[in-house]
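*Asks:* below are the sequence and a predicted model for it; my questions follow.
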Amino acid sequence: MGRQRFQAVDEGGDVALTPGFQGGYHLYGSVRARGVDPTHVSLDFLVCQDGRRVGQRRPLRVDLSEQGDQWVYVGAMVMLYDVYGPLQLSDRQTTMAAQLVDRDGVRATDTITFTTRCCDERR
């Protein structure tokens, strides 16, 4: 997770919903990987609650940045579907799956479960 830097999230930890400029909400997805070609990577995210898809980021073509012995990408805006407002999304167990495919077809996937917390107390 993370908008400006990679932030590891503890399994079951809290993640804040981010309000968008047009009234919707999103999360920021980030990845780190080893053993992949860091150029022209396809990266996508899927967000689910209760087995229902509530948001996604369709494949994004990016180059990963070097960070120590790993490659990272930070700040992929994962849009949450606008039919769900903060009352439906907040304080719920949420799963985000990330998939990375490099130009050689090497695939890496990971999933994390966390609790979404609304960033706007005026809900």
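*Replies:* Okay, I see it.

*Asks:* buried residues, the lowest-mean-pLDDT helix or strand in the chain. List them.
*Replies:* Across the helices and strands of the chain, mean pLDDT, DSSP states H and E gives its lowest value to helix 86-89, namely a mean of 83. For helix 86-89, a neighbour-count test (16 or more other CB atoms under 10 Å) marks Pro86, Leu89 as buried. From N, CA and C alone the C-beta is placed, and that goes for glycine too.

*Asks:* pull out the buried residues from stretch 102-120.
*Replies:* For stretch 102-120, the buried set under the neighbour-count rule, 16+ other CB under 10 Å, comprises Asp102, Ala108, Ile112, Phe114, Thr116, Cys118.

*Asks:* which residues does the residue positioned nearest the centre of the chain bridge with?
*Replies:* With distances taken as CA atoms, centre = their mean, Gly29 lies nearest the centre of the chain, 2.6 Å away. For Gly29, the beta-bridge partners under DSSP bridges are Ala76.
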